[in-house]
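K.L.:
build me a model:
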Amino acid sequence: MESKSKEQRIRDHRLLLGVAIIFVGLLLMANNFGWLDYEIRRYIFRWEVVLIGLGIVFIAGQHHRSTGIVLLVIGGVFYLREFLHLDFNFWQIFWPGMLILAGILVLFRHVLDKDPELQNHVLTGEHFIDEIAVFGGGDRVVTSQEFKGGKITTIFGGLNYNMLKAKLAPGDNYIDVFCLFGGMKLVVPEDWTVKIRVMSLFGGFSDKHRYRITESNNDQSAQLVIKGVAIFGGGEIKSFFD
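P.N.:
Prediction:
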């Protein structure tokens, strides 16, 4: 039953994203054929509308509502500035706005993002990661022999995790990441199975760890799944230090 619910969530997410892409394509086609007048084009074809649309998609998906709120607020503020003729420029609102959004995420991200893979766990103890880096960061060593995942949030900061001496718990172990103008690095053993399901917006998340099967790695059922969102930021998975 659990696997079916996961598959259903993936199908729903793809359906929502697919409908949004088709809608944008239809608008572009209508514009190319001259079916839209100037006023409609003026209100629709703007970078702020892209952020607002993505924000609505994320909020409707429920699992990344905090990301949706960030995009919706950024796009909405600059959209209203243009059409309400408000007198402020980008830099007057950018840094204060980022600090306000960072505070909201620190306080409410666990409430806003209803993560079905982590909702039954209390993210405390050596087997979980639950950390936030805002305008800062650092290096961490994880030695848990039954690592089960957690949450990592980086906002204008970065976190590095050395997990070479750790072992995964059986089954799927999820790390939910949110990188906003920030990043993270995981250094994991070569024989770990790692899957990345991170949506990147003007950012990226790469897997550079060397995957190989060792004789000591008898249980192939354990894997690490990295999921979440990277906006103007990202991360990487490695099995070595630079």
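K.L.:
what about residue 69, neighbour count?
P.N.:
The local packing of residue 69 (other CB atoms under 10 Å) involves 19 other residues. C-betas here are computed from N, CA, C, even on glycine.
K.L.:
for it, list the residues it contacts.
P.N.:
Taking CB atoms under 8 Å, 6 or more residues apart in numbering as the definition of contact, the neighbours of residue 69 are 55, 59, 101, 104, 112.
K.L.:
distance check, residue 161 against residue 232.
P.N.:
Using CB to CB, to the nearest Å, one obtains 21 Å as the distance from residue 161 to residue 232.
K.L.:
if you rank the contacts of residue 69 by neighbours, which is first?
P.N.:
Among those, the one with the most neighbours (other CB under 10 Å) is residue 55, at 21 neighbours.
K.L.:
buried set for the helix or strand where it lies?
P.N.:
Following DSSP states H and E, one finds residue 55 within helix 47-61. Of the residues in helix 47-61, those with enough neighbours to count as buried (16 or more other CB atoms under 10 Å) are 48, 51-59, 61.
K.L.:
and after it, which helix or strand comes next?
P.N.:
helix 65-83.
K.L.:
about what we covered before: which of residue 161 and residue 232 has more neighbours?
P.N.:
Comparing residue 161 with residue 232 by neighbour count (other CB under 10 Å), the higher total belongs to residue 161, at 19 against 14.
K.L.:
gap between that one and residue 202?
P.N.:
Taking CB to CB as the measure, residue 161 falls 24 Å from residue 202.
K.L.:
what do you get for residue 177?
P.N.:
16 Å.
K.L.:
quick one: which of the two has more around it?
P.N.:
Higher neighbour count among residue 177 and residue 202: residue 177, with 26 against 10, using other CB under 10 Å.
K.L.:
surely that one is in a helix?
P.N.:
No - according to DSSP: H, G, I helix; E, B strand; the rest coil, residue 177 belongs to no helix; its state is strand.
K.L.:
can you pull out the strands in this structure?
P.N.:
Counting by DSSP state E, the chain has these strands, from start to end: 128-134, 137-141, 149-155, 158-162, 172-180, 183-187, 194-201, 204-207, 223-231, 234-238.
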